[in-house]
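Q: fold the following.
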Amino acid sequence: MAAARNQAAKGPSERPIVAGIVRQHAEQAAFLWAQRDTLMLADPPDLAAISGVDRRLETNLDGLRIAGPTAWPFVAAAYEDFPEKGELFLYAWMAIEQSDSRRLAEAVELGRQSQDDARGLIGALAWHKPRAIAAEVRNWIGAPDAFKRFLGVSACLGHGVDPKEMLSRLVRDPDARVRAVSLRLAGQLRRTDLANELRTALEDGQEQPRFWAAWALTELGSGDLAGAELRRVAVGGGPDAITALRAAIKAAPEKDARAWMGGLLKSPETAPLAVRGAGMLGDRTVLHWLIHQMRTPAFAPAAGAALLELFPEAREAEGLFTLDPTELGQAFEDRFGDFAVKVPVAANVKAWSDSRFPGPRSGAP
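A: Below is the predicted model of the structure:
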């Protein structure tokens, strides 16, 4: 890729460009997609902020569309300088945009080497319209290469496309990563015809397929079969904990879900999970109880996330959150140190609440 730096400001099409502007478009597109991906992982995600990033991202992608093939030196140089998820997104997006099979094959190999399940490559597949990637996805989804099958079914997941009879094979794929994404897709598509395969997958030897089989069964209305696995993953505290918590609450009758969370509240290790779950019940009367939890450093981030889920309008109010927990006292400083953790300011949230929702206060959920 180093040779890309030395190419002139005209590519194969001899389209004149302003190199500095095209470079800026490439760098900004990579940065903005990475920012978008990170925002999507937030709990809960700020959809308004993501929408704003999307508009800026599309503006920069338009600049690269205009530049055409002459943008490739800058796209390649961006990945060479910083081979992360945003730059991989850009590389793959450009290859698809230009219908450049050689570059797309390179992007696939770059994704294979990535340490994050090729998030940037999968993001590029999701960003393009299905017709732009349909031929490649059809080839990948039945390929002997497990990584290509993973890409193919991930693209279907990103676009909500049903691979029909192929999915019944993919949920039993030899590769655990393919099985996991396929089981998730089966749930997203509400493939009730695969219910037996989903139940069988609850006994899978790998955690990810087991979890997504449980999640999918909940989507199909069979959460009674999946509750134990979902609760285990939620309490485990891994990257799927919040998704598992939401599914576990959905899987059980409300009375049972509240009783389970009441049990979680009794242990310091699991109490923050119960505080977070309070925001998933849809009961706004727990607001004052949440404010009380915000005064405890161990519970504050979960209480803040629950607040934003129940009251999205709180994002627009100034002063309800701080990125400097040390402002809130020694107990917060002892727990968070110098880390920039977004936590609610209980006193400010209380004032905001009292001015908008006067009335009786509720106890614990």
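
Q: give me the average confidence score over stretch 86-105.
A: Per-residue pLDDT over stretch 86-105 has a mean of 98.

Q: and it, end to end?
A: 18 Å (Cα to Cα, to the nearest Å).

Q: how distant is that stretch from the center of its chain?
A: Relative to its chain's centre, stretch 86-105 lies at 22 Å (Cα atoms, centre = their mean, to the nearest Å).

Q: now tell me what touches that stretch from outside.
A: 26, 29-35, 37, 61, 64-65, 68-69, 71-72, 75-76, 78-79, 81, 106-107, 110-111, 114, 118-121, 123-125, 127-128, 132-133, 136 (Cβ atoms under 8 Å, 6 or more residues apart in numbering). C-betas here are computed from N, CA, C, even on glycine.

Q: now do the contacts for the most centrally placed residue in the chain.
A: What sits nearest the mean C-alpha location of the chain, by Cα atoms, centre = their mean, is Leu41, with 4.0 Å. If you count contacts by Cβ under 8 Å, 6+ apart, Leu41 has none.

Q: where does it land on pLDDT?
A: Predicted confidence (pLDDT) for Leu41: 95.

Q: separation between it and Lys85?
A: From Leu41 over to Lys85 the distance is 11 Å, taken as Cβ to Cβ, to the nearest Å.

Q: and stretch 107-126, which residues are buried?
A: Going by neighbour count (16 or more other Cβ atoms under 10 Å), the buried part of stretch 107-126 is Ala107, Val108, Leu110, Gly111, Ala118, Arg119, Gly120, Leu121, Ile122, Gly123, Ala124, Leu125.

Q: can you check stretch 41-52 too?
A: Across stretch 41-52, burial judged by 16+ other Cβ under 10 Å covers Asp43, Pro44, Ile50.

Q: with secondary structure and distance to Thr192 as new columns, can the buried residues of stretch 107-126 be given to me in CSV?
A: Listed next are the buried residues of stretch 107-126 as CSV, based on DSSP: H, G, I helix; E, B strand; the rest coil; distance: Cβ to Cβ, whole Å:
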residue, secondary structure, distance to Thr192
Ala107, helix, 36
Val108, helix, 33
Leu110, helix, 38
Gly111, helix, 33
Ala118, coil, 30
Arg119, helix, 30
Gly120, helix, 34
Leu121, helix, 31
Ile122, helix, 26
Gly123, helix, 30
Ala124, helix, 32
Leu125, helix, 27
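
Q: let me have those in TSV, extended by distance to Trp140.
A: Compiled in TSV, those are given as follows (distance: Cβ to Cβ, whole Å):
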residue	distance to Trp140
Ala107	12
Val108	9
Leu110	15
Gly111	12
Ala118	12
Arg119	17
Gly120	17
Leu121	11
Ile122	12
Gly123	16
Ala124	14
Leu125	10
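
Q: and of those, the nearest to Val181?
A: Ile122 (9.4 Å; Cβ to Cβ).

Q: what confidence value was assigned to the closest residue to the closest one other than its chain neighbours?
A: The shortest distance from Ile122 to any non-neighbouring residue, by Cβ to Cβ, 6 or more residues apart in numbering, is to Ser154 (4.8 Å). Per-residue pLDDT puts Ser154 at 98.

Q: ok, Phe299 touching Trp289?
A: No - counting by Cβ atoms under 8 Å, Phe299 does not reach Trp289; the two are 10.7 Å apart.

Q: out of the two, which sits in the more crowded spot?
A: Taking other Cβ atoms under 10 Å, Phe299 and Trp289 do not tie; Phe299 has more neighbours (22 against 18).

Q: wait, what's in contact with the closest residue to the more buried one other than its chain neighbours?
A: Counting by Cβ to Cβ, 6+ apart, Gln293 is the residue found nearest to Phe299 once chain neighbours are left out, at 4.2 Å. If a contact means Cβ under 8 Å, 6+ apart, then Gln293 has Val275, Phe299, Ala300, Ala302, Ala303 as its contacts.

Q: ok, which pair from the residues you listed is furthest apart?
A: Pairwise over those, using Cβ to Cβ, the maximum falls at Val275 and Ala300, 9.0 Å.

Q: how close does Glu106 get to Ala118?
A: 13 Å.

Q: equivalent analysis for Cys156, please.
A: On the measure of Cβ to Cβ, Cys156 and Ala118 end up 15 Å apart.

Q: also Ala214?
A: 24 Å.

Q: what segments of the stretch 201-350 of the chain are helices?
A: Under the criterion DSSP state H, counting those that start in this stretch, the stretch 201-350 of the chain carries helices at the ranges 207-219, 223-236, 241-251, 254-264, 271-278, 287-293, 300-310, 330-336, 346-356.

Q: got CSV for those, with mean pLDDT and distance to Glu316 too?
A: Putting those into CSV (pLDDT from 0 to 100; distance: least, Cβ to Cβ, whole Å) gives the following:
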stretch, mean pLDDT, distance to Glu316
helix 207-219, 98, 32
helix 223-236, 95, 30
helix 241-251, 97, 23
helix 254-264, 96, 29
helix 271-278, 98, 22
helix 287-293, 97, 16
helix 300-310, 98, 11
helix 330-336, 96, 24
helix 346-356, 96, 11
